[in-house]
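Engineer: Need coordinates for the following:
(one chain, ligands or ions: 1)
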Amino acid sequence: MTGAARDTSPGEAAERLSDIGRRIAKAAREAGRDPQEVTLIAVSKTFGEEAILPLIEAGQRVFGENRVQEAAAKWPSLRARFPDVELHLIGPLQTNKLDEALKLFDVFHTLDRDKLALALMRAREKGAALPRLFVQVNTGEEAQKAGIAPQEADMFLTRCREEWKLDIEGLMCIPPLDEEPALHFALIEKIARRNGLSRLSMGMSGDFETAVRLGATHVRVGSALFGTRG
Ligand SMILES: *Cc1c(COP(=O)(O)O)cnc(C)c1O
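Structural biologist: Sure, this is the predicted structure:
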């Protein structure tokens, strides 16, 4: 499942990267924030090495993938060559893929249920080093979307931290397509604040500036960097 990027020349990739970087910095400064607080995750799903390499060469080191299988096919060889790359899992995770995901990813953005939290706890008991963890909140309460319901988030976070001793770094959301994303960003910001969490994974190609203004520490940008997915 690898598509060709619109244009993969190193110059073009570097230009898109610096354009996104500038827009993030501008949105941060307008909100009185330090642009350094915002990490750009380049979402490379569906794109192959030929599209990813120019971005790595332009200095990008943080990448996101939404499928374990696809990441397993693409990233081990790239990571061997670029050991300082950091890989983020931004798609739903089935517990039967957990061991493989633990080998591939530095950060999970999609911890969303007890079963997965328990599986993480068991993996740690068996000696696995756990990734950094974000809890996904289904802010739009959409049946087809993963994530813990907003009204259950406080309880879930408490269970993660107190019962399972999982170190939760922040919250993540994917707003419904047809709704104002700012409402959803503000909602996870509020849940994060009352739970003492400082990191927010929110904002994609169409709305990352809004997300940065509302406190995003991690924006997940795919098509604005790589072109339209085929
Ligand atoms: C694909 C994807 C993105 C990136 O979306 P773009 O609109 O292409 O920037 C961000 N977050 C998640 C969870 C995704 O699956």
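Engineer: Give me the distance between the most centrally placed residue in the chain and the ligand.
Structural biologist: Nearest residue to the geometric centre of the chain (CA atoms, centre = their mean): residue 90, 4.5 Å. Using CB to the nearest ligand atom, to the nearest Å, residue 90 is found at 4 Å from the ligand. (Each C-beta comes from the backbone N, C-alpha and C, glycine too.)
Engineer: pretty sure that residue is in contact with residue 110, am I right?
Structural biologist: Yes. Taking contacts as CB atoms under 8 Å, residue 90 lies within contact range of residue 110: 6.7 Å.
Engineer: dump the residue contacts of residue 140.
Structural biologist: 175, 176, 179, 184 (CB atoms under 8 Å, 6 or more residues apart in numbering).
Engineer: List, one by one, the residues from the protein near the ligand.
Structural biologist: With CB under 6 Å from any ligand atom as the criterion, the chain comes near the ligand at residues 43, 45, 66, 90-91, 174, 204-206, 220-224.
Engineer: okay, those residues in TSV with secondary structure, distance to residue 32 and pLDDT next?
Structural biologist: Compiled in TSV, the residues of the chain next to the ligand are given as follows (DSSP: H, G, I helix; E, B strand; the rest coil; distance: CB to CB, whole Å; pLDDT from 0 to 100):
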residue	secondary structure	distance to residue 32	pLDDT
43	strand	27	98
45	coil	33	97
66	coil	32	97
90	coil	28	98
91	coil	33	98
174	coil	26	98
204	coil	23	98
205	coil	24	97
206	coil	23	97
220	strand	23	98
221	strand	22	98
222	coil	28	97
223	helix	29	95
224	helix	24	96
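Engineer: List only buried entries from the residues you listed.
Structural biologist: Among these, those classed as buried by neighbour count (16 or more other CB atoms under 10 Å) are 43, 45, 66, 90, 91, 174, 204, 205, 220, 221, 222, 224.
Engineer: The first one contacts residue 218, correct?
Structural biologist: No. Proximity of residue 43 to residue 218 does not meet the contact threshold set by CB under 8 Å, at 11.1 Å.
Engineer: Where does pLDDT dip in the protein?
Structural biologist: Scanning the chain for pLDDT under 70 picks out 1-8.
Engineer: which one's the longest helix in it?
Structural biologist: Using DSSP state H to define each element, the chain has its longest helix at helix 10-30.
Engineer: Need the CA coordinates for that one. PDB is fine.
Structural biologist: The C-alpha coordinates for helix 10-30 follow below in PDB (Å, rounded to 0.1, in the frame of the first residue of the first chain):
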ATOM      1  CA  PRO A  10      14.200  16.900  -2.000                       C
ATOM      2  CA  GLY A  11      13.800  20.600  -2.600                       C
ATOM      3  CA  GLU A  12      10.100  20.300  -2.800                       C
ATOM      4  CA  ALA A  13       9.900  18.200   0.400                       C
ATOM      5  CA  ALA A  14      12.100  20.600   2.300                       C
ATOM      6  CA  GLU A  15      10.000  23.500   1.100                       C
ATOM      7  CA  ARG A  16       6.700  22.000   2.300                       C
ATOM      8  CA  LEU A  17       8.400  21.100   5.600                       C
ATOM      9  CA  SER A  18       9.600  24.600   6.200                       C
ATOM     10  CA  ASP A  19       6.200  26.000   5.200                       C
ATOM     11  CA  ILE A  20       4.400  23.900   7.700                       C
ATOM     12  CA  GLY A  21       7.000  24.800  10.300                       C
ATOM     13  CA  ARG A  22       6.500  28.500   9.700                       C
ATOM     14  CA  ARG A  23       2.800  28.100  10.000                       C
ATOM     15  CA  ILE A  24       3.100  26.200  13.200                       C
ATOM     16  CA  ALA A  25       5.500  28.900  14.600                       C
ATOM     17  CA  LYS A  26       3.200  31.700  13.600                       C
ATOM     18  CA  ALA A  27       0.100  30.100  15.100                       C
ATOM     19  CA  ALA A  28       2.000  29.400  18.300                       C
ATOM     20  CA  ARG A  29       3.300  33.000  18.600                       C
ATOM     21  CA  GLU A  30      -0.100  34.400  18.000                       C
END
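Engineer: Before I go, just wanted to say thanks for your time.
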